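Peer 1: The following block contains a protein sequence and its predicted model.
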Amino acid sequence: MARKNKSHPADESVHPLPSHPPEQGPHPSLEPILDENLDTLSALQLVDLLTQFYPLDSPRRIELGYLRRRIEELEVLNDQARQAVEKLDAAVTKLTSPANRVGTLLNLPKPDTALIVNGGTEFYCSIDPRLAQSKLLVGTRVLLNEAYVVIGDLGFETGGPVAKIQDLLPDGRLRVGQEGGLANTLVLRSAGLGKEKLKPGLEVRLDSSQRVALEVVAGAQARDHLLEQVPELPWEKVGGQDEARQAVRDAVELPLLHADLFKSYQHTSPKGILLYGPPGCGKTLLGKATAYNLTRQLRERTGVDHREYFMHVKGPEILNMWVGESERQVRELFARAREKAKEGFLPFIFIDEAESILGTRRAGRTSGILNTLVPMFCAEMDGIESLQQMVIILASNRADMIDPAILRPGRIDRKIKVSRPTRQGSEEIYRIYLTPNLPLDPELLREQGDDRQKAVDAIIAKVIDAQFSRREDNRFLEVTLRSGRHEYLHRGDLVSGAIIAGIVERAKETAIKRAIASPEPTGLSIGDFIAALDVEYKQNDIFPPNDITEDWLKLVDYDPENVVKLSPVKPRRTEASAII
Ligand code: ADP
């Protein structure tokens, strides 16, 4: 029978058969033809061959016709079955074949060849010619078959470790490191990063083999929560504090603006300053004014567009119960300042309540972590070459608690006292916030001959008198000294820039409310200020909210050793009446 039944119906061109006119009757010798062609004939061809050997009117022809039709049907069925088997075969192959490896493309060293890293090992692989090689990008994930031939392109990974750029190499590679500056690695740029403008400090996502930087990730900005805007703050906007202002300028401005001169005299310039004094007296303000004025002068002097980068850190916020976390934050703070310096900023690190993290053991509550933070801070400071790189400003109400190691020459050896404003200083501060261009009480103006400056002078003179008088009802705090002596501190003794700014704000609020309520022209009056003075001292949080001795001692200028007891004369909170 037919062994080959691939084609149907009979394909004469494939199997040319000797033609035999039917009218001549059956072929005298069919056998030799069959012998020669049997292997190549399909069943249908065989039937057709046989049919030809019967005369046209032979009943055999009709019978063979039936046979032909049946074979035809079977062949169709056969074909369908073969297709089904082929499909199943393909499915079985798919299900039983091993998984493909996935690697990262590092390079295309020559046509049809790729350098791939897979599981830390590099492979020099051929590329399946069916793949469009021009579409393969450095950093992309590729599919490898068992022979490590690149057979597919999976695009870039979407996850992976994040690292910070430390440096850009001239050949385009990047030096990156994880947070804290540990474990630096050199990585390639992915095709996507090829043209991107990168700079140290940006964070990039690496592929999982950590060989290629794939994309810049946002997030560097997230830590900018420490960044504080420095407003326009010429020195004139800091009232009083002449000595402190001068000291700051000597300690920071001169070495920075005359760096060469200081170098020629081999003078070790400090890395920053410590501002100490009671709360609300302008330590932060001085810090920001330093930043503002210094960058402005540097700009003028060098012509380079210097900008300040003012990081305001509150000491207690750095304290963290987790071992090493506080250290990490300090390290990051300095790292960030260094990055910013590289970007052309003049970074300032302002640490408020510095005694909480840089205090001696005596600083109590936080002594557990001081041992590591102080030496670390010193080491970071020693790594700073000049003020040009960054300026560190510590602020504290308790300079006596700052660890002396921090205050050595070459570190922060300038302790600058920011005292409570004197009467004269207070006047200057009032003048900063109460200016003649504000709406003033019409009656007061009339009294002063419509001279706005004189009207302002009159308000300030009256409010200062009231604030600094040593009347009994101005008594504020009773101090009992070790000698047994009692002393009273009056409102004027506890004045601060913050209180003065607060009084002016309150007086403005009263005047605004009056202006809203009445159609008559109105403006700031002496009465508004006197009332505001009273309320400010009664409502302002001048007293610490708890009875922690250290907090209370921050209020006064007395040597803590000499004070036995501090008690408010008009306690707002009775429970805080005796603290030491
Ligand atoms: P500190 O840091 O010493 O606690 P701040 O500098 O934060 O005090 O002062 C709080 C606010 O008080 C300032 O924002 C400013 O409005 C006002 N202030 C304090 N001192 C002065 C000053 N010498 N001149 C002008 N304003 C001042």
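Peer 2: All right, it came through fine.
Peer 1: Where does the stretch 451-580 of the chain get nearest to the ligand, which residue?
Peer 2: Per CB to the nearest ligand atom, G497 is where the stretch 451-580 of the chain lies closest to the ligand, at 1.9 Å. C-beta here means a position set from N, CA and C on the backbone, and glycine is covered the same way.
Peer 1: With the flanking residues excluded, which residue is spatially nearest to that residue?
Peer 2: For G497, ignoring the flanking residues on the chain, the nearest one in space by CB to CB, 6 or more residues apart in numbering is G282 at 4.7 Å.
Peer 1: Next: S386.
Peer 2: Among residues not flanking S386 along the chain, A259 sits closest, at 6.5 Å (CB to CB, 6+ apart).
Peer 1: Find the residue closest to T104 in space, skipping its chain neighbours.
Peer 2: Ranked by CB to CB, 6+ apart and with sequence neighbours excluded, the top spatial neighbour of T104 is D207, at 4.8 Å.
Peer 1: Contacts only, for that neighbour.
Peer 2: Residues in contact with D207, defined by CB atoms under 8 Å, 6 or more residues apart in numbering, are T104, G139, R141, F156, E157, G160, S190, L214.
Peer 1: change it to 6 Å
Peer 2: D207 makes contacts with T104, E157, G160, L214, as judged by CB atoms under 6 Å, 6 or more residues apart in numbering.
Peer 1: which of the residues you listed tops the neighbour count?
Peer 2: The residue in these with the most neighbours, by other CB atoms under 10 Å, is T104 (25 neighbours).
Peer 1: ok, so what distance separates that one from the ligand?
Peer 2: According to CB to the nearest ligand atom, to the nearest Å, T104 stands 52 Å off from the ligand.
Peer 1: what's near enough to touch that residue?
Peer 2: So T104 contacts V117, R141, D207, S209 (CB under 6 Å, 6+ apart).
Peer 1: Please repeat the previous calculation with a cut-off of 10 Å.
Peer 2: With contact set as CB atoms under 10 Å, 6 or more residues apart in numbering, T104 has these partners: 115-118, 138-142, 156-157, 188, 190, 206-212, 214.
Peer 1: hang on, it is in a strand, isn't it?
Peer 2: Yes: checked against DSSP: H, G, I helix; E, B strand; the rest coil, T104 lies within a strand.
Peer 1: pLDDT value on it, please?
Peer 2: Here the pLDDT value assigned to T104 is 93.
Peer 1: right, and Q297 touches H306 too?
Peer 2: Yes: Q297 is within contact range of H306, at 9.1 Å (criterion: CB atoms under 10 Å).
Peer 1: residues from the stretch 301-450 of the chain in reach of the ligand?
Peer 2: A395, I429, I432 (CB under 6 Å from any ligand atom).
Peer 1: hmm, 8 Å instead?
Peer 2: Neighbours of the ligand within the stretch 301-450 of the chain, by CB under 8 Å from any ligand atom: D352, A395, N397, V418, P421, G425, E428, I429, I432, Y433.
Peer 1: How many residues are close by the first one?
Peer 2: In this case it means D352. 21.
Peer 1: circling back to that earlier point, look at Q297 and H306 and report which has more neighbours.
Peer 2: Comparing Q297 with H306 by other CB under 10 Å, the one with more neighbours is H306, at 18 against 15.
Peer 1: Span of stretch 257-270 from start to end?
Peer 2: Start-to-end span of stretch 257-270 (CA to CA, to the nearest Å) is 13 Å.
Peer 1: The residue of the stretch 451-580 of the chain closest to the ligand contacts T422, correct?
Peer 2: No: counting by CB under 10 Å, G497 does not reach T422; the two are 11.8 Å apart.
Peer 1: overlap in contacts of the two?
Peer 2: G240, Q241, E428.
Peer 1: neighbour-wise, which of those residues leads?
Peer 2: Q241 (29 neighbours).
Peer 1: OK, contacts around it?
Peer 2: Taking CB under 10 Å, 6+ apart as the test, what Q241 contacts is 235, 247-248, 275, 277, 281-283, 285-286, 289, 416-419, 421-422, 425, 428-429, 497.
Peer 1: I'd guess L214 is in a strand, am I close?
Peer 2: Yes: under three-state DSSP, L214 falls within a strand.
Peer 1: excluding its backbone neighbours, what's nearest it?
Peer 2: Once flanking residues are discounted, L214 sits nearest to S190: 4.7 Å by CB to CB, 6+ apart.
Peer 1: measure that neighbour to D207 for me?
Peer 2: From S190 across to D207, the span is 8 Å (CB to CB, to the nearest Å).
Peer 1: can you list residues touching both of those two?
Peer 2: By the contact definition CB under 10 Å, 6+ apart, S190 and D207 are jointly contacted by T104, L105, G139, T140, F156, E157, A213, L214.
Peer 1: Confirm for me that the fourth one is in contact with L131.
Peer 2: No: with contact defined as CB under 10 Å, T140 does not count as touching L131 (11.4 Å).
Peer 1: Same drill for those two, tell me which one is more crowded.
Peer 2: Neighbours were counted for T140 and for L131 using other CB under 10 Å; T140 has more, 21 against 18.
Peer 1: Now for V535: which residues touch it?
Peer 2: Residues counted as contacts of V535 (CB under 10 Å, 6+ apart) are G502, I503, R506, A507, T510.
Peer 1: quick one: which of G497 and T422 has more around it?
Peer 2: Counted by other CB under 10 Å, G497 and T422 do not tie: G497 has more neighbours, with 26 against 15.
Peer 1: Would you mind listing what in the protein touches the ligand?
Peer 2: 237-241, 275, 277-288, 352, 395, 397, 418, 421, 425, 428-429, 432-433, 496-498, 500-502.
Peer 1: Report the buried members of those residues.
Peer 2: Among the residues of the chain next to the ligand, those scoring as buried are 238-241, 275, 277-288, 352, 395, 397, 418, 421, 425, 428-429, 432-433, 496-498, 500-502 (criterion: 16 or more other CB atoms under 10 Å).
Peer 1: Mind checking which of these are in helices?
Peer 2: 283-288, 425, 428-429, 432-433, 497-498, 500-502 (DSSP state H).
Peer 1: With respect to W552, which of these is nearest?
Peer 2: Nearest to W552 out of these is A498 (CB to CB; 17.3 Å).
Peer 1: Could you check how far the closest one is from I429?
Peer 2: 10 Å.
Peer 1: Next: Y488.
Peer 2: Remark: distance between Y488 and I429 (CB to CB) = 24 Å.
Peer 1: try G177
Peer 2: Distance, G177 to I429, by CB to CB: 47 Å.
Peer 1: And for L274?
Peer 2: 23 Å.
Peer 1: And A183, by the same measure?
Peer 2: Distance from A183 to I429, by CB to CB: 51 Å.
Peer 1: Where does pLDDT dip in the stretch 451-580 of the chain?
Peer 2: Counting by pLDDT under 70, the stretch 451-580 of the chain shows low-confidence ranges at 540-541, 545-550, 570-580.
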